[in-house]
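Undergrad: quick one, what's the 3D model for this:
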Amino acid sequence: MIATFPHMGNMYIAIKEVFRGLKLEMVSPPPVSKRTLELGVKYSPEFACLPLKINVGNFIEAMEKGADTIVMGGGWGPCRFGYFAQVEREILKDLGYNFTMVVLEAPDSRLSDLLRQLRALGENVSLSQAYRALKFAWDKLKAVEVLEKTLEFCLPRAIDKALVEKHFEVGLRAIDGIHDPKDLEDATLRADQAMRAVPRSDEPVLKIGLVGEIYTILEPATNCHIARHLGRINAEVTRSVYLSDWVNDHILGGWVKKSNHKYILEASSPFLNYAVGGHGRETVGCSVDFARRGYDGIIQIGPLTCMPEIVAQSVMGRVSRELRIPCMTLYFDEHSGTAGVYTRLEAFVDMLARRKRLAGGAAASGPSPSRSVENKAAIKLNMKG
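TA: The predicted structure follows:
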């Protein structure tokens, strides 16, 4: 068996570690490219949303490299994600590919169920070995997110923004290549310090909350890399969801790190007080949270025709009016153009900057560069959840 999986941001680093711990031969799907999208668009239904099309392209490219087993997540509720595995299986079978699809259903806090599903994939792997594989994958996931958050903070403030991005990419490769848990913390610390050491400018920094559908937020290729672009024009982006948040809340029962999911749902209640599928309610709740925390603006993103995000968008105007925070919504499909998206982003940022100047707002605040001992302590805390 040679397994593969869908590509979503930097998730592949943790997934590869799970498969290695389960002693599975694996083909990691290539990063999402123009060819990936072309393959997905060619063979998927026209009305299908962008994540499904990219998944199809991922799987075709992986099977071209020898994969014969696809590991895919399951789902339920109003969001179409629950149908992805079945639709993708039929598309690929019709194209003549010979493969096995394994669907892992999210156990919603029953970790033992997930361990049994993972163990079934492995060859002669004990339950304890499956647990160790999952634990190290979780540690890698947390290490990656430490670097992602440092990038989000440092990029808009750095004079040499390309150097910050270079240190980030080097750090990701280092974490990906580590197989001994003892080396993980040091590699994370080195990359974190390298990014923080880049000299900073005195230009004011805006703070923008990025909310919306999880795949579109976590996979930069689906959103024209807007978080990076915003960072390059001096806007600090905070995402409403990170992969560890979803894993902690829906798979690990909120036991590994403190969960704010209940607070987010409560924050959404005055505007949207029932589940609409996907991350629709979380989009509203996180927008309220960002407004309460004094952010300068909110950008909602999602794949075109995403029903939960359309429902959320219908109340975002009220959130904006009542909490006095500018909001912008962007939907993405295969026709989205980088130039047009960046033009809208730059206009939005210009408007936020002008609004802040007129309101007499001070420059965006943020933690000062930490000394190495403080950095190490913070990284230990973050990686432990």
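Undergrad: wait, a helix at V237?
TA: No. Checked against DSSP: H, G, I helix; E, B strand; the rest coil, V237 lies outside a helix; its state is strand.
Undergrad: in the sheet, who's paired with it?
TA: Bridge pairing for V237 (DSSP bridges) gives the partners I208.
Undergrad: that one and Y295, how far apart?
TA: With the distance defined as C-beta to C-beta, to the nearest Å, V237 ends up 10 Å from Y295. C-beta coordinates here come from the backbone N, C-alpha and C atoms, glycine included.
Undergrad: show the contacting residues for the spatially most central residue of the chain.
TA: For the chain, L218 is the residue whose C-alpha lies nearest the centre (C-alpha atoms, centre = their mean; 2.3 Å). By C-beta atoms under 8 Å, 6 or more residues apart in numbering, the contact set of L218 is M8, G9, M11, R239, V241, Y242, L243.
Undergrad: ok, these vs F168, which is closest?
TA: G9 (13.0 Å; C-beta to C-beta).
Undergrad: the closest one - how many residues pack around it?
TA: Neighbourhood size, G9 [other C-beta atoms under 10 Å]: 20.
Undergrad: residues of stretch 69-86 that come out buried?
TA: Neighbour counts using 16 or more other C-beta atoms under 10 Å place T69, I70, V71, M72, G75, C79, R80, F81, F84, A85 of stretch 69-86 among the buried residues.
Undergrad: brain fart, stretch 16-31
TA: Going by 16+ other C-beta under 10 Å, stretch 16-31 has these buried residues: K16, E17, V18, F19, G21, L22, L24, M26, V27, S28, P29, P30.
Undergrad: what of stretch 257-264?
TA: For stretch 257-264, by 16+ other C-beta under 10 Å, it's K257, N260, I264.
Undergrad: so of these, which ones are in helices?
TA: I264 (DSSP state H).
Undergrad: sorry, back to before: between all of the buried residues of stretch 69-86, which two are separated the most?
TA: T69 and C79 (25.1 Å).
Undergrad: need the contact list for the closest residue to L39 other than its chain neighbours.
TA: In this structure, L39 finds its nearest non-sequential neighbour in G57, 4.0 Å apart by C-beta to C-beta, 6 or more residues apart in numbering. By C-beta under 8 Å, 6+ apart, G57 lies in contact with V32, R35, T36, L37, E38, L39, G40, V41.
Undergrad: list only buried entries from those.
TA: V32, T36, L37, L39, G40, V41.
Undergrad: okay, and which of those map to helices?
TA: Those of the buried ones among the contacts of G57 lying in helices (DSSP H): T36, L37, L39, G40, V41.
Undergrad: could those residues be laid out in a markdown table, adding pLDDT?
TA: Formatted as a markdown table, those follow (pLDDT from 0 to 100):
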| residue | pLDDT |
| --- | --- |
| T36 | 96 |
| L37 | 95 |
| L39 | 96 |
| G40 | 95 |
| V41 | 96 |
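Undergrad: how deep is the residue nearest to R157 when sequence neighbours are not counted tucked in, by neighbour count?
TA: Closest residue to R157 apart from its sequence neighbours, by C-beta to C-beta, 6+ apart: R200 at 4.5 Å. Other residues lying near R200 total 17 when counted by other C-beta under 10 Å.
Undergrad: give me the phi and psi angles of R200.
TA: Backbone geometry at R200, expressed as degrees, to the nearest 10, gives phi -110, psi 150.
Undergrad: return stretch 56-63 as PDB; C-alpha atoms alone will do.
TA: Output in PDB follows, covering the C-alpha atoms of stretch 56-63 (Å, rounded to 0.1, in the frame of the first residue of the first chain):
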ATOM      1  CA  VAL A  56      -9.100  15.800  -7.300                       C
ATOM      2  CA  GLY A  57      -6.000  17.400  -8.700                       C
ATOM      3  CA  ASN A  58      -4.000  16.400  -5.600                       C
ATOM      4  CA  PHE A  59      -5.000  12.800  -5.900                       C
ATOM      5  CA  ILE A  60      -4.300  12.500  -9.700                       C
ATOM      6  CA  GLU A  61      -0.800  14.000  -9.200                       C
ATOM      7  CA  ALA A  62      -0.100  11.600  -6.300                       C
ATOM      8  CA  MET A  63      -1.300   8.600  -8.200                       C
END
